[in-house]
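Model the structure of this input:
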Amino acid sequence: MSMNILIFGAGSIGCYLGGQLLNAGCNVTLLGREKLKKDILKNGLTLTHFTRDTIYLGSSAIKFTTNENSVGKADIIIVTVKSQDTMLTALTIAKFVQTNALIISFQNGVSNVGVLNQYLLHNKVLGGVVPFNVTGTGPGKFHCGTEGDLSVQSGDIRLDQLVKAFAISEQGLDLYDDIIAIQWGKLLVNLNNALNTLTGGTLRSGLMQRDYRKVLAKLIEEGLYVVRASGVEPANFGKASADKMIKVLRLPNIIYRIIMNKIVKIDASARSSMLDDLEMGRHAEVDYLQGAIVKLAKQMGKNAPYNEKILNLVNQAFVDGKSPYLLGTDLCRELGI
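So this is what the prediction gives:
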């Protein structure tokens, strides 16, 4: 692939996606923090996956920069910054970007494409969805602990080359006309990130608790009601619709454990990036997940009390600088269910 690809905000997700494209022979530049640059230039880039072979890229094969001028050389810019950093990212890109450059937002939430479009009036901006979890496991090492194919809004011929490039690294990428439905479907699943942050453990350890799942089901049910009331029908996420997911989450443990791997595959070490952010002293992205549900509800004169309660608990955890390590029973008590 001869086009220049820039990963803007090369953290866990950005390095994982960029590494996959580098493995496919693409011309990729990673733009991120100085510390990560030093780690990768010293140790190279190692991508592990709970079902696929490891990808290792030596430091000599990696272009990692902290210089925002690199935006000006990019034909495709893949944005992977946290949602709270989108406006600043858009302003930075606008200073240097080529008018024909394609911008793809691989970010959580549903508002990022709109923010990018406000400042990048002469560029095509497409929404995307990353369905899987990636966690840093050491200097230059990133582990994918859940399954799923990338999704991107269709509408640009250059996407065909990205599909082929990702396929070389065994990463699927699907194109959709209605990315908003996909994004809302992913957001409902991502409501689990906040619960994982409040429990401070792995995603699997949380989901093995029926009370934890009861709370997650309540959050998704409330979110689904709000989103549907706004006129959007969220797309299925993976193998299950939101309605089916809610029913499965409420099953007794003995039944849930039997069917869990048929619905979603997840390894024992997978955690949410929100928990990583808390432990690293970064800002919370919960305002763009639970917060998006609460905001949408208020716009329609409705309430979303369960999501609002979790939103407040997570924001307090970030103020305190640590997880409260709640159990599923604690979460049920906090929500009064």
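
By mean pLDDT, flag the weakest helix or strand of the chain.
Every helix and strand in the chain was compared by mean pLDDT, DSSP states H and E; the lowest is helix 253-263, with a mean of 82.

Could you point out the helix or strand that follows that one?
Per DSSP states H and E, helix 253-263 leads on to helix 273-279 as the next helix or strand towards the C-terminus.

Tell me the helices and strands packed up against that following helix.
If you count contacts as 3 or more CB pairs under 8 Å, 6 or more residues apart in numbering; DSSP states H and E, helix 273-279 packs onto helix 12-23, strand 134-138, helix 179-199, helix 305-320. Where you see a C-beta, it was placed from the backbone N, CA and C, and this is true even at glycine.

Quick one: residues in contact with that helix.
For helix 273-279, contacts defined as CB atoms under 8 Å, 6 or more residues apart in numbering pick out 12-13, 82, 133-136, 193-194, 196-197, 200, 283-286, 314, 317-318, 321-323.

tell me, what residue is most central in this protein?
Closest to where the C-alpha atoms of the chain average out (CA atoms, centre = their mean) is Asn108, at 4.6 Å.

picking up where we left off before, and the helices and strands packed on helix 273-279, which one's lowest on average pLDDT?
Confidence, taken as mean pLDDT, is least for strand 134-138 of the helices and strands packed on helix 273-279 (a mean of 91).

Parallel or antiparallel, list what pairs with it.
Strand pairing for strand 134-138, determined by DSSP bridges: strand 141-144 (antiparallel).

Give me the contact list for the strand it pairs with.
In contact with strand 141-144 (CB under 8 Å, 6+ apart) are residues 12, 15-16, 19, 43, 45-50, 132-137, 269.

Ok, stretch 48-59 next?
Outside stretch 48-59, the residues touching it (CB under 8 Å, 6+ apart) are 19-20, 22-23, 40-47, 137, 141-147, 169-170, 265-267, 270.

Any of those buried? List them.
19-20, 22-23, 40, 44-47, 141-147, 169, 265-267, 270 (16 or more other CB atoms under 10 Å).

Can you name the residues that contact the residue nearest to the centre of the chain?
Contacts of Asn108 (CB under 8 Å, 6+ apart): 82-83, 186-187, 190, 285, 288-289.

Most neighbours out of these, which is it?
In terms of neighbour count, Leu289 stands highest of the contacts of Asn108 at 30 neighbours, by other CB atoms under 10 Å.

distance of it from Gly114?
16 Å (CB to CB, to the nearest Å).

can you check Asp277 too?
Distance of Asp277 to Gly114, given as CB to CB: 23 Å.
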